[in-house]
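Undergrad: Dropping the sequence and predicted coords here.
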Amino acid sequence: MVSNQKDYELVKQFIEGDLNSIEVLINRHKKRVYTYILLIVKDQQLAEDIFQDTFIKVIKSLKRGKYQEKGIFVSWVVRIAHNLIIDYYRKSKHFRTISSEDSDADVFNSKKLADGNIEDFLIQEQITKDVRKIVEFLPFEQKEVILLRHFGELSFKEIAEKTGVSINTSLGRMRYALINLRKLIQEKELILTKS
């Protein structure tokens, strides 16, 4: 039966022309992918749009042969969703003022930045970009906990519930993520302070 097959088997079948297999993959992973998007953007309509765009991109990438089995299929899908979220905020920030107190959904702007001058804002923006780039080098579970905690502003209890692990596991992943981030920052010789 199709629903019992592994992700990589379903991917292979889809590439070979079986449209039912992509439907099984979407249904299998939609809750996790959608929840991840919603936790970051905090807007249901926007989350639904990005979710749809994610699977359109997944389908196009699979058809073009751009997916290679290097890990977990759902991790690849979440990475696509993550990149689409970042693209959305990059495009939309051109239409915003520096401060956006009326919305909690803005990942890149904050009240703190509105109080500073443009130089402080640009430095903070560069630091955020640098940290985002470094986070991408972390293993998926560590990256996920960083994004959910610091960008999704979830508690460790909420992270544990969303990812299906214990609170201790979430805390452990965060600990290892921070250790690995420190190493990456040193390796790449990044300066993450304003002065």
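TA: Ah, there it is.

Undergrad: ok, then the element right after the strand or helix carrying Val131?
TA: Assigned by DSSP states H and E, Val131 falls within helix 118-135. The helix or strand immediately downstream of helix 118-135 is helix 140-146, counting by DSSP H and E.

Undergrad: who touches that following helix?
TA: For helix 140-146, the external contacting residues (CB atoms under 8 Å, 6 or more residues apart in numbering) are 36, 71-72, 75, 78, 135-136, 138, 159, 163, 170, 173-174, 176-177, 180-181. The way it works is simple: take the backbone N, C-alpha and C, and place the C-beta from them, glycine included.

Undergrad: 6 Å instead?
TA: 75, 135, 159, 170, 173-174, 176-177 (CB atoms under 6 Å, 6 or more residues apart in numbering).

Undergrad: Ok, stretch 69-78 next?
TA: Taking CB under 6 Å, 6+ apart as the rule, stretch 69-78 contacts 7-8, 29, 33, 36, 58, 140.

Undergrad: What strand or helix carries the residue nearest the centre of the chain?
TA: Central residue of the chain (CA atoms, centre = their mean): His82, 3.3 Å from the mean position. His82 belongs to helix 73-92 when assigned by DSSP H and E.

Undergrad: And the strands in the chain, which stretches?
TA: Read by DSSP state E, the chain holds no strands at all.

Undergrad: and the lengthiest helix in it with helix 73-92, angle?
TA: Longest helix in the chain by number of residues (criterion: DSSP state H): helix 19-41. With axes from the mean of the first three to the mean of the last three CA atoms, to 10 degrees applied, the angle from helix 19-41 to helix 73-92 works out at 50 degrees.
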